[in-house]
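Student: below is the sequence, then the predicted model.
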Amino acid sequence: MAVTRDQQALASELFDLARSTASSAGRTFKPIADNALRQLTQDAASEVLRPGRFGAISSAKAIVDIDVRKNEARAAVRSLVDAMAAHAVTIPGYETDFLGDRTLAYALAASGLCPCWPIC
């Protein structure tokens with residue numbers, strides 16, 4: 001399905017929020033995490049606008065007001081990046097100004113964040 005203007009705008013907003021959340025922690029994304037987060041925010045925007053990827057939870061979200069779904073997506077993105085930043089400080093020798101694929105993988109798989117609609 002083609003990316004709509006609304007989906008692109010929401011994806012850009014979510015990605016910008018991810019970057020500003022990282023910046024608030026004094027960090028930026030390494031290229032691999034940057035690319036992964038761009039795709040993740042694109043997928044999240046698609047899910048917010050047309051819930052369907054997550055079965056029953058998507059069906060439940062489809063009847064929720066779009067503004068509520070957008071706010072949930074914003075909160076999920078902030079939580080994801082916060083989990084990445086929190087994990088980075090636990091990795092010996094990890095760069096103090098970056099977030100990368102290890103911190104993203106941890107946030108998605110081991111942090112307890114997921115399941116977290118519309119990200120995972």
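Tutor: Arrived safely, thanks for sending.
Student: how many neighbours does the closest residue to Ala62 other than its chain neighbours have?
Tutor: Nearest non-adjacent residue to Ala62, counting by CB to CB, 6 or more residues apart in numbering: Pro51, 4.3 Å away. Yep, even glycine has a C-beta here, placed from its N, CA and C like the rest. By other CB atoms under 10 Å, 20 other residues sit near Pro51.
Student: can you report phi and psi for Pro51?
Tutor: Phi and psi for Pro51, reported as degrees, to the nearest 10, are phi -50, psi 140.
Student: OK, contacts around it?
Tutor: The neighbourhood of Pro51, defined by CB atoms under 8 Å, 6 or more residues apart in numbering, consists of Ser58, Ser59, Lys61, Ala62, Arg69, Pro118.
Student: in strands only, show me the residues you listed.
Tutor: Among the contacts of Pro51, the subset assigned to strands under DSSP state E is empty.
Student: can you list those in JSON lines and add neighbour count, distance to Arg78 and pLDDT?
Tutor: Putting these into JSON lines (neighbours: other CB atoms under 10 Å; distance: CB to CB, whole Å; pLDDT from 0 to 100) gives the following:
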{"residue": "Ser58", "neighbour count": "15", "distance to Arg78": "21", "pLDDT": "96"}
{"residue": "Ser59", "neighbour count": "11", "distance to Arg78": "25", "pLDDT": "96"}
{"residue": "Lys61", "neighbour count": "18", "distance to Arg78": "18", "pLDDT": "96"}
{"residue": "Ala62", "neighbour count": "11", "distance to Arg78": "23", "pLDDT": "96"}
{"residue": "Arg69", "neighbour count": "19", "distance to Arg78": "15", "pLDDT": "98"}
{"residue": "Pro118", "neighbour count": "26", "distance to Arg78": "13", "pLDDT": "96"}
